[in-house]
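K.L.:
Could you look at this predicted model? Sequence included:
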Amino acid sequence: MEIYVFDGTLEGILTSVFDSYERKSTLVKLVSTEHHLPDVFQETYTVISDDTKAKRVWKGLQKKLEPDWMKRFYKSFLSEQPQTFQDLFDFAHYIFDNPPGVEDNFGNPVVLAVSQMDRKVHREKHRMEAFIRFQQTGDGIFYAHIDPDFNVLPLISDHFRKRYADQKWIIFDLKRKYGLFFDLDKVEEITFDFTSEMSSSLNTLPAQILDPKEELYSLLWKDYFRSTNIPSRKNMKLHIRHVPKRYWKYLSEKQI
Amino acid sequence: MFERIREKLEILADAAKYDVSCSSSGSNRKNHNKGLGDAEGTGICHTYTEDGRCVSLLKILLTNHCIYDCAFCVSRRSNDIKRAAFTVDEVVELTMNFYRRNYIEGLFLSSGIFKDGDYTMERLLRIVKKLRVEEKFNGYIHLKTIPGASPELLHEAGLYADRMSINLEMPTESGLKLLAPEKSHEDVKKPLEQIRKSIVQFMDEKAVIKNTPKFVPAGQSTQMVIGATPESDKDIMHTANAFYKNFSLKRVYYSGYIPISNDTRLPIIGSQPPLIRENRLYQTDWLMRFYGFNVEEILNDANPNLDVDIDPKLSWALRNLDQFPVDVNSADYNMILRIPGIGVTSALKIVQARKFGRLHKDQLKKIGISFNRARHFIRYADSPIQLRDFEAGHIKGVILSESSSKYLKTPANQLSLF
């Protein structure tokens, strides 16, 4: 068993795949620097991310996989889970070492793991598309911050760009400290560190920077949410299954 | 000034909530004009009420004034309730501002009938037209077809709406006549047919001329109230089946009747809405639409009602044990779909995975089938040798004892309805 330490990037995983073939490693444990605990008795190999190597591996995968599967590969990567890094590494090997078509083998644990992680990331993406609540600021920007389990901003950018083409908006990931800003023309990645003065609870921009109408619409939305409920059908178990409690902080209608 | 609009929204959202349709999917309207909204692709549920229903659209009535007196409806003219009406601009502003904040996918607009059908439809039309043309709104719009409105108005509405719907209200004509003597299923069929024909016609034109405008791209749906009148499940599902077939409906919704009236023709106020029954009907609906079941197989003269304690798929399997066990490593996809505990996703994975080798128990479990349920009906690579055939009652007992029904905690008086 060889330990490969990589930098946690997609490029890094792909480079590791390249290096493992070049070095003829058979059993590899892939660990990101962040999760690596140095061990004196174990030799490690440090992977240096390399654009050319990564591209070759990516192209190689593209030759054997449908675009759909390439997307799954990328989406699973965005989960940032240590086990998934390993699964993706093993998956790439499984694809390269076998004739075309083996990605359909859901009886194989690695194929299944990657496709199940893809589903999880996809679900988180979908939840962000559903649960983000913008607040309109005085200067006309619609603002929301989020705190997703997985790094889904790259996945939701397109959705919000298409939909809100006539308004400026910002979606900021508090956990990963970067955001997206749409300026009516294109989406840009932005970073700023304001967490010190910003409350980490969502939906709570200070009132003085909000558009005067913001209060009315958030109030009407809460009213609507209450009126549309049918009390005699109350079913909290179902409610919580659909809106797990960890997402309540997103929902202005769930704030008192 | 907040107060007036708040009160209106409260009244008109409350009156609209008994229409259970919530879907915002199936359209193909893109944000083509750099406007607001995009209704392409899958729907999104932006939140869920405490009763577990999805909130996807701003669902409101334009007004709850109504000339009709349907016993099951909360807005019936003889009901002593607060009445209100939105202006066109109020609906437009609410929709735009809710949408901008990512609260909703679009608008579900219905209305009580004031004056007559045409007058009402004309108002609804004015709203959707303003949203589409003046505000460049490309979000989802579900518009109610108002019975009795002229074909010209309906046609024009179809050019702006993503989905249109008109409710059957009661599953049978006789049930409807009992509670709403002024209405008939014929009034529903006529507009359904008109719009169905236009949808087909626009699709045909689209095949030839690329820039043909959209016409109700997300299709039509309808709703039936369940448990207000004494129809059997068979009556209900056979009606649904006929409407799916004859009018190419996208959805039929089943709405468990919530007692809102002291009318002696109806269940009394305070009795539980038939939630289990509603759930079983939806399961049957899914079996018909996605699992290749014919309605006759599930509900027929010998079995006019669905089981309450087990779902209709399991129920069918127990009645047809001669078709089991099914070998997941060799059976046809359509038969795998019929195994209790295996859904569409797992069935697809199974037929793909088995090309690479016979599937074992642990693989099936990992793929995500409900193994405890399915194991009575399947054979797999390492299935244990089974010497005797089990009979239906035994299997049902085992499955019920292993599962904890989500309905166990519901009040007992609900069961007495069946």
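P.N.:
Arrived safely, thanks for sending. Residues are numbered from 1 along each chain as shown, chains lettered A, B, ... in the order given.

K.L.:
Quote the end-to-end distance of stretch A:40-50.
P.N.:
The straight-line separation of the ends of stretch A:40-50 (C-alpha to C-alpha, to the nearest Å) is 27 Å.

K.L.:
repeat for stretch B:36-54
P.N.:
23 Å.

K.L.:
Walk me through the domains of chain B.
P.N.:
B:2-268, B:312-417 (automatic domain parsing).

K.L.:
which one of those lies closest to chain A?
P.N.:
Distance to chain A, taken as C-beta to the nearest C-beta, is lowest for domain B:2-268 among these, at 3.0 Å. C-beta here means a position set from N, CA and C on the backbone, and glycine is covered the same way.

K.L.:
Averaged pLDDT, that closest one. What do you get?
P.N.:
If you average the pLDDT over domain B:2-268, you get 93.

K.L.:
Pull up the distance across it, start to finish.
P.N.:
OK, domain B:2-268 end separation, C-alpha to C-alpha: 37 Å.

K.L.:
Format the domains of chain B as TSV; extra columns: mean neighbour count.
P.N.:
Output for the domains of chain B, formatted as TSV (neighbours: other C-beta atoms under 10 Å in any protein chain shown):
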stretch	mean neighbour count
domain B:2-268	19
domain B:312-417	16
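
K.L.:
Residues contacting stretch A:106-115, please?
P.N.:
Stretch A:106-115 is contacted from outside by A:72-73, A:76, A:83-84, A:87-88, A:90-91, A:94, A:102-105, B:349-350, B:352-354, B:356-357, B:359-360, B:363, B:366-367, using C-beta atoms under 8 Å, 6 or more residues apart in numbering or on different chains.

K.L.:
Same question for stretch A:178-191.
P.N.:
Residues outside stretch A:178-191 that contact it (C-beta under 8 Å, 6+ apart): A:145, A:153, A:157, A:160-161, A:164-173, A:177, A:192.

K.L.:
Can you get me the start-to-end distance on stretch A:226-236?
P.N.:
From its first residue to its last, stretch A:226-236 covers 14 Å (C-alpha to C-alpha).

K.L.:
hang on, I meant stretch B:45-57
P.N.:
Stretch B:45-57: ends 8 Å apart by C-alpha to C-alpha.

K.L.:
So what touches that stretch?
P.N.:
A:130-131, A:225, A:228-231, A:233-239, A:241-243, A:251, A:253-254, B:20, B:22-24, B:43-44, B:102-108, B:140, B:142.

K.L.:
If we use 6 Å, what do you get?
P.N.:
With contacts defined as C-beta atoms under 6 Å, 6 or more residues apart in numbering or on different chains, stretch B:45-57 is touched by A:130, A:228-230, A:233-235, A:238-239, A:242-243, A:251, A:253, B:22, B:24, B:43, B:103-106, B:108.

K.L.:
and chain A, which of its residues are near chain B?
P.N.:
A:104-107, A:112, A:129-130, A:132-134, A:162-163, A:165-166, A:216-217, A:220-221, A:223-224, A:227-230, A:232-235, A:238-239, A:242-243, A:251, A:253 (C-beta under 6 Å from any C-beta of the partner chain).

K.L.:
Now do the same for the residue of the stretch 101-250 of chain A found nearest chain B: helix, strand or coil?
P.N.:
For the stretch 101-250 of chain A and chain B, the shortest gap (C-beta to the nearest C-beta) falls at residue A:238, measuring 3.0 Å. Secondary structure, DSSP: H, G, I helix; E, B strand; the rest coil: residue A:238 is helix.

K.L.:
In contact with it: list those residues for me.
P.N.:
With contact taken as C-beta under 6 Å, 6+ apart, residue A:238 is in contact with residue B:52.

K.L.:
could you redo the last one with a cut-off of 10 Å?
P.N.:
Going by C-beta atoms under 10 Å, 6 or more residues apart in numbering or on different chains, residue A:238 touches B:48-53, B:406.

K.L.:
just residue B:169 next, same as before
P.N.:
B:70, B:72-73, B:175-176, B:179-180, B:183, B:185, B:188, B:222-225, B:228-229, B:255.

K.L.:
Distance check, the nearest residue to residue B:357 once chain neighbours are set aside against residue B:400.
P.N.:
With C-beta to C-beta, 6 or more residues apart in numbering or on different chains as the criterion, residue B:357 has its nearest non-adjacent residue at 6.3 Å, and that residue is residue A:107. The gap separating residue A:107 from residue B:400 is 31 Å, by C-beta to C-beta, to the nearest Å.

K.L.:
hang on, the earlier thing: mind putting the contacts of residue A:238 into a markdown table with secondary structure?
P.N.:
Converted to a markdown table, those look like this (three-state DSSP):
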| residue | secondary structure |
| --- | --- |
| B:48 | strand |
| B:49 | coil |
| B:50 | coil |
| B:51 | coil |
| B:52 | coil |
| B:53 | coil |
| B:406 | coil |
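
K.L.:
from memory residue A:157 sits against residue A:173, does it?
P.N.:
No. The criterion here is C-beta atoms under 10 Å, and residue A:157 misses it with residue A:173 at 11.6 Å.

K.L.:
still on that earlier bit, can I get the buried part of the residues of chain A next to chain B as one ChimeraX selection?
P.N.:
Entered in ChimeraX, the line below selects the buried ones among the residues of chain A next to chain B, by 16 or more other C-beta atoms under 10 Å in any protein chain shown:
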select /A:104,105,106,107,112,129,130,132,133,134,163,165,166,217,220,221,223,224,227,228,229,230,233,235,238,239,242,243,251,253
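
K.L.:
so of the contacts of residue B:169, which ones are in helices?
P.N.:
B:175-176, B:179, B:185, B:188 (DSSP state H).

K.L.:
filter the residues you listed down to the ones close to chain A.
P.N.:
By C-beta under 10 Å from any C-beta of the partner chain, no member of the ones in helices among the contacts of residue B:169 lies near chain A.

K.L.:
Out of those residues, which is nearest to residue B:374?
P.N.:
residue B:175 (38.0 Å; C-beta to C-beta).

K.L.:
Pull the contacting residues for the closest one.
P.N.:
B:72, B:168-169, B:185, B:224-225, B:228-231, B:235-236, B:239.

K.L.:
if you set the cut-off to 8 Å instead, what comes out?
P.N.:
Listed by C-beta under 8 Å, 6+ apart, the contact set of residue B:175 reads B:228-231.

K.L.:
Adding distance to chain A as columns, could you present the residues you listed in CSV?
P.N.:
As requested, these are exported to CSV (distance: C-beta to the nearest C-beta, whole Å):
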residue, distance to chain A
B:228, 14
B:229, 19
B:230, 21
B:231, 21
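
K.L.:
other SSEs contacting the helix or strand hosting residue B:202?
P.N.:
For residue B:202, the host element (DSSP states H and E) is helix B:185-208. Under the contact criterion of 3 or more C-beta pairs under 8 Å, 6 or more residues apart in numbering or on different chains; DSSP states H and E, helix B:185-208 touches helix B:151-158, strand B:220-226, helix B:233-247.

K.L.:
Just give the nearest non-adjacent residue to residue 122, would you?
P.N.:
Defaulting to chain A. residue A:75 (6.3 Å).

K.L.:
hmm, I had chain B in mind actually
P.N.:
In space, and not counting its chain neighbours, residue B:122 is closest to residue B:153: 6.2 Å by C-beta to C-beta, 6+ apart.

K.L.:
Would you agree the one you found is in contact with residue B:118?
P.N.:
Yes. If you go by C-beta atoms under 8 Å, residue B:153 and residue B:118 touch, sitting 6.3 Å apart.

K.L.:
wait, residue A:33 sits on residue A:3?
P.N.:
No. Between residue A:33 and residue A:3 there is no contact under C-beta under 8 Å: 11.8 Å.

K.L.:
Comparing these two, which shows the higher neighbour count?
P.N.:
Neighbours were counted for residue A:33 and for residue A:3 using other C-beta atoms under 10 Å in any protein chain shown; residue A:3 has more, 16 against 12.
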